[in-house]
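Visitor: Got a predicted structure here, sequence first:
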Amino acid sequence: MSKIFYYGALREITGRKEEVFDIHDVKGCLASIRVKYGRLAYKEARRSLITLNGISIVSLDNYRTKVKPEDEVRFLTVCGGG
């Protein structure tokens with residue numbers, strides 16, 4: 001089972017810092033979040049910077065990025081400013 005880490009608003013919504021899911025790709029992880037925590041958590045997760053073992057999924061295969069049982073998926077809050 002893959003370890004999932006939440007930060008910022010998503011941590012507030014889920015009430016969890018981390019958990020494990022049996023998933024095969026990032027899209028499956030997002031689906032699991034939606035089923036377990038609802039639409040608001042899903043929307044916040046989609047807005048997050050998602051990393052797999054410290055690498056942005058944008059640099060990999062985006063939502064189709066494969067996830068193995070020993071992998072870590074992190075949902076990081078994106079913030080900007082100037």
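Guide: Thanks, I have it.

Visitor: Give me the buried positions along stretch 49-57.
Guide: Neighbour counts over stretch 49-57 (16 or more other C-beta atoms under 10 Å) mark 50, 51, 52, 57 as buried. In this view, the C-beta of every residue, glycine as well, is placed from N, C-alpha and C.

Visitor: The second one contacts residue 58, doesn't it?
Guide: No. In terms of C-beta atoms under 8 Å, residue 51 does not count as a neighbour of residue 58; the distance is 9.5 Å.

Visitor: Residue 72 - how many residues pack around it?
Guide: Residue 72 has 14 neighbours, counted by other C-beta atoms under 10 Å.

Visitor: got the contact list for it?
Guide: 2, 3, 4, 5, 52, 53, 54 (C-beta atoms under 8 Å, 6 or more residues apart in numbering).

Visitor: Narrow the buried residues of stretch 49-57 to those in helices?
Guide: Of the buried residues of stretch 49-57, none are assigned to helices by DSSP state H.

Visitor: mind giving me CSV with those residues and columns for distance to residue 17 and pLDDT?
Guide: Below are these laid out as CSV (distance: C-beta to C-beta, whole Å; pLDDT from 0 to 100):
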residue, distance to residue 17, pLDDT
50, 16, 99
51, 16, 99
52, 18, 99
57, 20, 98
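
Visitor: just curious, which of the residues you listed is nearest to residue 43?
Guide: residue 50 (13.5 Å; C-beta to C-beta).

Visitor: what's the spacing between the closest one and residue 29?
Guide: According to C-beta to C-beta, to the nearest Å, residue 50 stands 8 Å off from residue 29.
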